[in-house]
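**Q** Give the three-dimensional model of this entry:
(chains A and B)
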Number of protein chains: 2
Amino acid sequence: MRFTSEQRLDDEVLQREFTLGEVPGILWTPTSAPTPCPLILLGHPGGLPGMYPRLVDRARSCAAHGFASATLELPGSGDRAPLAVTGQARAEVREVLASGRPVHDELIDRLILPLVETAAPEWQQALDALLALPDVGGPVGYSGGVISIGIRLAVAEPRIVAAGLFAGSFVPRAMIEEARLVTIPLHVLLQWDDEGNDRQRALELFDAFGSTQKTLLANLGGHTGVPPFAGEDAARFFIRHLRG
Amino acid sequence: MRFTSEQRLDDEVLQREFTLGEVPGILWTPTSAPTPCPLILLGHPGGLPGMYPRLVDRARSCAAHGFASATLELPGSGDRAPLAVTGQARAEVREVLASGRPVHDELIDRLILPLVETAAPEWQQALDALLALPDVGGPVGYSGGVISIGIRLAVAEPRIVAAGLFAGSFVPRAMIEEARLVTIPLHVLLQWDDEGNDRQRALELFDAFGSTQKTLLANLGGHTGVPPFAGEDAARFFIRHLRG
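**A** Numbering: from 1, shown residues only, chains lettered A, B, ... in the order given. A predicted model of the protein is given here:
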């Protein structure tokens, strides 16, 4: 992990951009919280430059509660080299959605599964590097989408002890099966009228999670219409589970 | 409305039992909040003596946030005269549940609809009397079950501006239609494995509500397994909507 820039935001958050091999990422730490800070990994749909304003808002909220937060560019997104297989699938999904046809499982698999296979080990490597820093510690939470990456990390990465997931992306059948293996506490956010999300499948996924502590928070509105209080509820979830 | 007893609980809550005609009820007011206090009506499945411990917990939580709260015995429950029609239906429901058969719509209608028709005007009369007291004011919230009574009040009673409903009772088809007329902000609590509740119908009901601000909070567990933080979330909902 190599830091490439360092910047203070409002004197309250230290933002450090880094690269992990070829993968760009950003780390945010509160400037005045006791260290080491528990860490929340901020998931997103890919494309750090475009997602930056929303990510930095979430990072500020994390810092306000004494949490460090970090994110990583997804394979094939932003400034990273295209991922041939998902690039092709993404173009097909756009075409299918534009035509009003349903997105079939086979296409969802081609879109999401290679992303999960490639991204999850990268986030785990980032975790190795981040947790080696003096001001960042465990336990670790995962927050946001892509929900399938969150599922894989929740199953494969024992350092992640709680996940706040956003039920807003296509979910392969295989990931619903994998969700049965998840046992950590979950807080799942669902936008009831999410235009990019199959509500029934989101409910089926929530049902499938093996966790004994799981909460579904569904709000009226589309994909980007999450009400402000939902962010506060998610923060309280992480406070409950990342602070002893 | 005639007060029949008055008692301070822990110096923080004043509890007054009353009768409204033949109907017993209880009013709780905070002893140290600015008056008049916004009022939350506490719904319950019937039987004040048995429900008292849980109701007084909810009343204490209301008072801690500066809210008055009040409840009323349901028709046919507790010390009130039996309601012939629902008494018969209740016996049949017990029998059907014990035999493991599904509870059909016709029986749900016979159990719930007369209760709604009788109870809702009583709660509205109680509201008239409660709001005439110097220390109780508007706006008013409705909290809890029987959800069908909450739906009727949310539609029929303009003084109720927000409702926190518990999706834990049988819901007649007609009430799902009536839910489309509800426009006030809603916070709906669903226990994912509620043994007395059809999850699919609860989701259908949530979908039917006409409100543009509605939140579904679903937690793993049975009917009485609501986690403590869900109560805090409901309190925050009422703080958002009953305080300007």
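**Q** what sits against residue A:172?
**A** Neighbour list for residue A:172: A:105, A:108-109, A:112-113, A:148 [criterion: Cβ atoms under 8 Å, 6 or more residues apart in numbering or on different chains]. C-betas here are computed from N, CA, C, even on glycine.
**Q** Skipping adjacent residues, who's closest to residue A:63 in space?
**A** residue A:30 (3.8 Å; Cβ to Cβ, 6 or more residues apart in numbering or on different chains).
**Q** same deal with residue A:1?
**A** Counting by Cβ to Cβ, 6+ apart, the nearest residue to residue A:1 once its immediate chain neighbours are dropped is residue A:129, at 3.7 Å.
**Q** Go ahead and confirm the one you found touches residue A:21.
**A** No: the criterion here is Cβ atoms under 8 Å, and residue A:129 misses it with residue A:21 at 10.2 Å.
**Q** circling back: where does the residue nearest to residue A:1 sit, in terms of helix or strand?
**A** Element membership of residue A:129 [criterion: DSSP states H and E] is helix A:105-131.
**Q** so what's the spatially most central residue of chain A up against?
**A** Central residue of chain A (Cα atoms, centre = their mean): residue A:43, 1.9 Å from the mean position. By Cβ under 8 Å, 6+ apart, the contact list for residue A:43 reads A:71, A:142-147, A:149-150, A:166.
**Q** Dump the lowest-mean-pLDDT helix or strand in chain A to PDB, restricted to CA.
**A** When the helices and strands of chain A are scored by mean pLDDT, DSSP states H and E, helix A:84-98 comes last with a mean of 89. Only the C-alpha atoms of helix A:84-98 are listed here, as PDB (Å, rounded to 0.1, in the frame of the first residue of the first chain):
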ATOM      1  CA  ALA A  84     -13.600  -7.700 -20.400                       C
ATOM      2  CA  VAL A  85     -16.200 -10.200 -19.100                       C
ATOM      3  CA  THR A  86     -18.200  -7.700 -17.000                       C
ATOM      4  CA  GLY A  87     -17.800  -4.900 -19.500                       C
ATOM      5  CA  GLN A  88     -19.600  -7.000 -22.100                       C
ATOM      6  CA  ALA A  89     -22.300  -8.000 -19.600                       C
ATOM      7  CA  ARG A  90     -22.800  -4.400 -18.500                       C
ATOM      8  CA  ALA A  91     -23.400  -3.300 -22.100                       C
ATOM      9  CA  GLU A  92     -26.000  -6.100 -22.500                       C
ATOM     10  CA  VAL A  93     -27.700  -5.200 -19.200                       C
ATOM     11  CA  ARG A  94     -28.100  -1.600 -20.400                       C
ATOM     12  CA  GLU A  95     -29.500  -2.800 -23.700                       C
ATOM     13  CA  VAL A  96     -32.000  -5.100 -22.000                       C
ATOM     14  CA  LEU A  97     -33.100  -2.500 -19.500                       C
ATOM     15  CA  ALA A  98     -33.500   0.100 -22.300                       C
END
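**Q** what comes up buried for it?
**A** For helix A:84-98, the neighbour count (16 or more other Cβ atoms under 10 Å in any protein chain shown) marks A:85-86, A:89-90, A:93 as buried.
**Q** Next: stretch A:193-213.
**A** A:194, A:197-199, A:201-203, A:205-209, A:211, A:213.
**Q** Give me the subset of the residues you listed lying in helices.
**A** A:199, A:201-203, A:205-208 (DSSP state H).
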